[in-house]
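# Below is the sequence, then the predicted model.
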Amino acid sequence: MIKLQSNKGEISISDAVFANITGNAATNCFGVKGMAFRSMTDGLVHLLRKEAMSKGVQVIYNEDATVSIRLHIIVEHGINITAVCRSIMSEVQYKVSKYTGVPVKSVDVCVDSVVSGSAGKGV
């Protein structure tokens with residue numbers, strides 16, 4: 001949780017807020033099938049539903065009052081992965097800063113799986 005001081009008091013922003021903003025920003029980018037989560041029990045990558053997107057996001061609070069974000073995604077087959085990742089990095093950095101007022105130091109995107117465009121919600 002990050003705490004911001006204002007002249008009217010203190011504002012606390014939880015991990016869930018950063019994770020939801022990040023998940024929404026990333027999944028709205030072209031070519032992204034969804035957020036990913038690697039199961040510790042079986043080692044398989046799972047496509048997360050909208051309500052569980054935060055499992056695919058890690059927020060790191062830096063000492064200089066910035067955040068670093070690491071997210072795991074699943075992309076569509078046949079798209080330029082580098083272009084999609086750059087788009088996600090830019091979008092996440094912009095939206096997190098805009099909605100929370102907290103500067104984003106870095107956004108790391110991990111592509112955990114590639115699925116065909118006709119694939120359903122399972123990987």
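Now that the structure is in, tell me what you want to look at.

# Could you list the residues in contact with the longest helix along the chain?
Ordering each helix of the chain by length in residues (DSSP state H) puts helix 81-100 first. Here helix 81-100 makes contact (C-beta atoms under 8 Å, 6 or more residues apart in numbering) with 13, 17-18, 21-22, 24-26, 28-32, 67, 69, 71, 73, 75, 102-104, 107, 109, 111, 114. From N, CA and C alone the C-beta is placed, and that goes for glycine too.

# Please name every helix or strand in contact with the one helix or strand in the chain whose mean pLDDT sits lowest.
None of the helices or strands of the chain scores lower by mean pLDDT, DSSP states H and E than strand 45-47, at a mean of 75. When contacts are defined as 3 or more C-beta pairs under 8 Å, 6 or more residues apart in numbering; DSSP states H and E, strand 45-47 packs onto strand 32-38, strand 104-115.

# can we see that at 6 Å?
In terms of contacts (3 or more C-beta pairs under 6 Å, 6 or more residues apart in numbering; DSSP states H and E), strand 45-47 is packed against strand 32-38.

# can you list contacts of the strand it packs on?
Residues from elsewhere that reach strand 32-38, judged by C-beta atoms under 6 Å, 6 or more residues apart in numbering: 23, 26-27, 45-48, 53, 55-56, 72-76, 112, 115.

# For that strand, what is the distance to the chain centroid?
9 Å (C-alpha atoms, centre = their mean, to the nearest Å).

# Average pLDDT for that strand, rounded please.
For strand 32-38, the mean pLDDT works out to 85.

# send the alpha carbons of that strand over as PDB?
Extracted as PDB, the C-alpha positions of strand 32-38 are listed here (Å, rounded to 0.1, in the frame of the first residue of the first chain):
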ATOM      1  CA  VAL A  32      -3.900  -9.300 -25.600                       C
ATOM      2  CA  LYS A  33      -6.100 -12.300 -24.800                       C
ATOM      3  CA  GLY A  34      -6.000 -11.600 -21.100                       C
ATOM      4  CA  MET A  35      -3.900 -11.700 -17.900                       C
ATOM      5  CA  ALA A  36      -2.000 -14.900 -17.000                       C
ATOM      6  CA  PHE A  37      -1.300 -16.800 -13.800                       C
ATOM      7  CA  ARG A  38       1.100 -19.600 -13.500                       C
END
